[in-house]
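> Next comes the sequence, and after it the predicted model I'd like to discuss.
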Protein chains: 2
Amino acid sequence: MRIVLDAMGGDYAPAVVVDGGVQAAREYGVEIVLIGRREAVEPELARFDTAGLPLHLVHASEVIEMDEHPAQAVKTKRDSSMVVGMQMVRRGEADAFVTMGNSGGALAAALFHLGRLRGIKRPALSTVYPTGKGPAFIIDIGANTDCKPEYLLQFAVMGSVYAERVLGIANPRVGILSNGEEEGKGNFLVRDATPLLKSSGLNFVGNVEGKDVPAGLADVVVTDGFTGNVLIKTSEGVAAMLLEILQREIKARPLAVLGALLAKQAFRAVKRVLDYSEYGGGALLGVDGVVIVGHGRSNAKAVKNAVRVARAAVEGKVLEAIRTGIEAMPGFSQEGED
Amino acid sequence: MRIVLDAMGGDYAPAVVVDGGVQAAREYGVEIVLIGRREAVEPELARFDTAGLPLHLVHASEVIEMDEHPAQAVKTKRDSSMVVGMQMVRRGEADAFVTMGNSGGALAAALFHLGRLRGIKRPALSTVYPTGKGPAFIIDIGANTDCKPEYLLQFAVMGSVYAERVLGIANPRVGILSNGEEEGKGNFLVRDATPLLKSSGLNFVGNVEGKDVPAGLADVVVTDGFTGNVLIKTSEGVAAMLLEILQREIKARPLAVLGALLAKQAFRAVKRVLDYSEYGGGALLGVDGVVIVGHGRSNAKAVKNAVRVARAAVEGKVLEAIRTGIEAMPGFSQEGED
């Protein structure tokens, strides 16, 4: 198996990406293709002993930056790491593409160079979300700000396949994010998507509220990309605010500083539960190729784990399973467009 | 000033409501009318020395429960505490209505018995949201799951008035909740509401993301009721999950238990920052009367503070200020309907 890793993507690229890629090549028995600007990547590679590792570098002269307009950047930067990497997957020269870069750029590059899976109306971005009871999977988190009910049905199918085959959750509980638990609560989109989900054959558990997501009441949370984005960013923000206030209040009290020292291992354990780097990021689902998109702030461990996730998606034949799942849905059309 | 307090509303009614009402009558120099079932409220009142306090009881034989269908309950339960309380406000027998009960019921009862302020298209539910930098104000949190851009403009006007007059924030920064900071990010609703907000004369600071809300980057966060509800419930859920995991990890380690004891005051200070009971709940804005809706889980302090908030809204002439603000907006029509 060969996995292309975008050496230029992410807040700490290329250093941490190269670090994570070297670790992945060592541990996972997959071939890693680092793609990026040779002059930037080579010095980072030189810091490691890579002799004998299944790892090599493919040069791509351009970079899609984090704050660039995705579609435009993909069109003009034809020799960017994202575009060249996606093309390798399309031509069958690699099995998966992994990036910590601009997620909108990855979406645009994938749409343009891989295309959609047959029957898929809209690809979606997803992420693994730590809860008190293990990871949940949120789809969509930003690819589609305005959705139709049929999109949400397809997100549910894709999310369910992914949770089962990559996260190893048997018969995943699929919930739809809403503003109340009772059926009938929700905006028009949620209320119109509900009957589709109920008759989908998925393990649909109905509405989940914002508080139910961190409580782990669903394995797959289906939502439009606007609300999903608010959900994950609010969660990050609240956790950061809480830890910041706690630190501030501890620092203001000498006894508390001592107490925090004694409780250090407990704090570390909490951080481990919340640590997205364990999960290796989410996926771009619905395109005709395995594309894993990690968090921009990923460290080397997160990069390594993103490669592990990509390997699991390839081995789990996620694309074929999504294709089969989508074709089994009522209203399936080969076109996908609507 | 006379404030009607719904003795039957909230998860711990009537006990904590009576307790909070007695405290408010003692501290705030306002007359409190407890409204509810005499046989349920009187025994609770008997636990306090209320001699000489500006406090009395008005009997209402019915109760709108937390899980009832709001509009239906309001129609059939004409002698419920909510309906009778709102009618007292309408007839000028009281200056404000305060409840910890079914927020949908409060909305329905207010629409039916108080009506909308002139020019208001949709009343909205709001709440005070603790951030690392003091309270922010979120509007809407559930009254309107599907919105038009003009509604969001009106929410912004109402929220800005409320933040200034009740929370005491001068020239409040108004942000619109979105899935990215840059202008142009957002769903159709956000993108269509943005030009209205920019030309509103309010202190509009543009898009805020989920993580910006707990960070305190806006004083007033405008959003549709669906997304606002997800925002506040996710925040509650993440905070609860974090504290639960922290407790679990501390309890598993004897040294950490000792450490947590030493850091107790710091933990308490964190809880104080996050404690919604300090803020006394949110308001139902856009109806022709001051209506304060607190959290169902409110304790006596929260009830007392909700009365304080109601007093501030009456003294700050919030209704008149909203009326003036709405009339100053382009496109104002006396009808309000659209």
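Great, that's in hand.
> okay, residue A:273: pLDDT?
Looking at residue A:273, its pLDDT is 79.
> Could you measure from the closest residue in space to it that isn't next to it in sequence over to residue A:76?
Nearest residue to residue A:273, sequence neighbours excluded (CB to CB, 6 or more residues apart in numbering or on different chains): residue B:245, at 5.5 Å. For every residue, glycine as well, the C-beta is placed using N, CA and C. From residue B:245 across to residue A:76, the span is 46 Å (CB to CB, to the nearest Å).
> Looking at the two, which has the bigger crowd around it?
For residue B:245 versus residue A:76, neighbours defined as other CB atoms under 10 Å in any protein chain shown are more numerous around residue B:245 (21 against 13).
> about what we covered before: which ones are touching the residue nearest to residue A:273?
Residues in contact with residue B:245, defined by CB atoms under 8 Å, 6 or more residues apart in numbering or on different chains, are A:132, A:269, A:270, A:273, A:274.
> List buried residues within these.
A:269, A:270, A:273, A:274 (16 or more other CB atoms under 10 Å in any protein chain shown).
> Touching, residue A:174 and residue A:217? I think so.
No - Residue A:174 lies out of contact with residue A:217 (CB atoms under 8 Å); the separation is 11.3 Å.
> and for the two, which residues touch both?
Overlap between the contact sets of residue A:174 and residue A:217, as judged by CB under 8 Å, 6+ apart, is given by residue A:205.
> For the two, indicate the residue with more neighbours.
residue A:174 (26 against 20).
> Check the gap between that one and residue B:279 for me.
Taken as CB to CB, the span from residue A:174 to residue B:279 is 36 Å.
> likewise residue A:129?
From residue A:129 to residue B:279 the distance is 28 Å (CB to CB).
> What of residue A:218?
Counting by CB to CB, the gap from residue A:218 to residue B:279 is 30 Å.
> Kindly report the same for residue A:19.
Counting by CB to CB - residue A:19 and residue B:279 are separated by 46 Å.
> quick one on the thing from earlier: element containing the residue nearest to residue A:273?
Using DSSP states H and E, residue B:245 falls within helix B:225-251.
> Is chain B within reach of stretch A:188-203?
Yes - using CB under 8 Å from any CB of the partner chain, stretch A:188-203 reaches chain B at A:188, A:190.
> what's next to that stretch, contact-wise?
Residues outside stretch A:188-203 that contact it (CB under 8 Å, 6+ apart): A:147-150, A:152-153, A:156-157, A:160, A:171-174, A:176-178, A:183-184, A:186, A:204, A:206-207, A:222, A:224, A:328-330, B:145-146, B:226.
> near chain B, which residues of the stretch 1-150 of chain A?
A:67, A:131, A:132, A:142, A:145, A:146.
> Mind doing that once more with 10 Å?
Within the stretch 1-150 of chain A, the positions adjacent to chain B are A:67, A:69, A:104, A:130-133, A:141-142, A:144-147 by CB under 10 Å from any CB of the partner chain.
> Buried among these? Need that as a selection in ChimeraX.
Only the buried entries of those go into this ChimeraX selection, using 16+ other CB under 10 Å:
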select /A:69,104,130,131,141,142,144,145,147
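> tell me the centre residue of chain A?
Ranked by distance to the mean C-alpha position of chain A (CA atoms, centre = their mean), the top residue is residue A:282 at 1.3 Å.
> quick check: mean pLDDT across stretch A:216-231?
97.
> so what's residue A:132 scoring on pLDDT?
For residue A:132, the predicted pLDDT is 83.
> Verify the stated contact: residue A:319 with residue A:284.
No - judged on CB atoms under 10 Å, residue A:319 makes no contact with residue A:284 at a distance of 11.7 Å.
> Number of residues surrounding residue A:231?
Neighbours around residue A:231, by other CB under 10 Å: 28.
> who's in contact with it?
Contacts for residue A:231 (CB atoms under 10 Å, 6 or more residues apart in numbering or on different chains) come out as A:127, A:129, A:138, A:141, A:177, A:210, A:213-214, A:221, A:223, B:210, B:227, B:230-231, B:233-234, B:237-238.
> switch to 6 Å and redo it
Neighbouring residues of residue A:231 by CB atoms under 6 Å, 6 or more residues apart in numbering or on different chains: B:230, B:234.
> Residue A:290 too?
Residue A:290 is in contact with A:96, A:310, A:313, A:314, counting by CB under 6 Å, 6+ apart.
> cool, and residue A:291?
A:97, A:110, A:284.
> In TSV: the residues you listed, plus neighbour count and pLDDT.
Listed next are the contacts of residue A:291 as TSV, based on neighbours: other CB atoms under 10 Å in any protein chain shown; pLDDT from 0 to 100:
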residue	neighbour count	pLDDT
A:97	33	98
A:110	27	97
A:284	24	97
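> about what we covered before: among the contacts of stretch A:188-203, which ones are buried?
Buried among the contacts of stretch A:188-203 by 16+ other CB under 10 Å: A:147-150, A:152-153, A:156-157, A:160, A:172-174, A:176-178, A:186, A:204, A:206-207, A:222, A:224, A:329, B:145, B:226.
> Closest to residue B:92 out of the residues of the stretch 1-150 of chain A next to chain B?
residue A:146 (45.1 Å; CB to CB).
> Over to that closest one. Which of the three states is it?
coil (DSSP: H, G, I helix; E, B strand; the rest coil).
> Would you mind naming the helix or strand containing residue A:176?
strand A:174-177.
> Need the contact partners of that strand.
So strand A:174-177 is contacted by A:156, A:160, A:190, A:202-205, A:207-208, A:218, A:220-223, A:227 (CB under 6 Å, 6+ apart).
> In strands, which of those residues appear?
A:204, A:205, A:207, A:208, A:220, A:221, A:222 (DSSP state E).
> Can you pick out the most distant pair from these?
Pairwise over the ones in strands among the contacts of strand A:174-177, using CB to CB, the maximum falls at A:207 and A:220, 13.6 Å.
> State the mean pLDDT of the helix or strand hosting residue A:3.
Using DSSP H and E, the element containing residue A:3 is strand A:2-6. Averaging pLDDT along strand A:2-6 gives 98.
> Just say helix, strand or coil for the closest residue to residue A:275 other than its chain neighbours.
Leaving aside its sequence neighbours, residue A:275 sits nearest to residue A:130 (CB to CB, 6+ apart; 7.4 Å). Recorded secondary structure, residue A:130: strand (three-state DSSP).
> just so I have it, where are all the helices in chain A?
A:15-27, A:38-45, A:70-76, A:81-90, A:103-113, A:149-165, A:188-198, A:225-251, A:254-262, A:264-274, A:300-315, A:318-327 (DSSP state H).
> and the ones you listed, which one is worst for confidence?
It's helix A:264-274: among the helices of chain A, that one has the lowest mean pLDDT, namely a mean of 86.
> one step back: name all residues that make contact with the residue nearest to the centre of chain A.
A:126, A:127, A:293.
> hmm, try it at 10 Å
A:103, A:124-129, A:137-139, A:141, A:162, A:232, A:276, A:291-295, A:306, A:309.
> Taking the stretch 1-150 of chain A, what residue is nearest to chain B?
residue A:145 (4.0 Å; CB to the nearest CB).
> Got the confidence number for that residue?
In this model, residue A:145 carries a pLDDT of 96.
> picking up where we left off before, off-centre distance for the strand holding residue A:3?
With CA atoms, centre = their mean, to the nearest Å as the basis, strand A:2-6 stands 15 Å off its chain's centre.
> Mind listing what's buried along that strand?
In strand A:2-6, the ones that count as buried by 16+ other CB under 10 Å are A:2, A:3, A:4, A:5, A:6.
> Could you do stretch A:17-35 as well?
A:17-26, A:28, A:30-35.
> next one: stretch A:297-307
A:298, A:299, A:300, A:301, A:302, A:303, A:304, A:305, A:306, A:307.
> Relative to chain B, which of those residues is nearest.
Among the buried residues of stretch A:297-307, and counting by CB to the nearest CB, the member closest to chain B is residue A:298, at 16.8 Å.
> quick one: that closest one and residue A:15 touch, right?
No - using CB under 10 Å, residue A:298 is not in contact with residue A:15; the gap is 11.5 Å.
> residues in contact with the residue nearest to residue A:294 when sequence neighbours are not counted?
Excluding its sequence neighbours, the residue lying closest to residue A:294 (CB to CB, 6+ apart) is residue A:281, at 3.1 Å. Contact partners of residue A:281, counting by CB under 10 Å, 6+ apart, are A:98-100, A:103, A:126-128, A:292-296, A:298, A:302-303, A:305-306, A:309-310.
> Many thanks, I have nothing further to ask.
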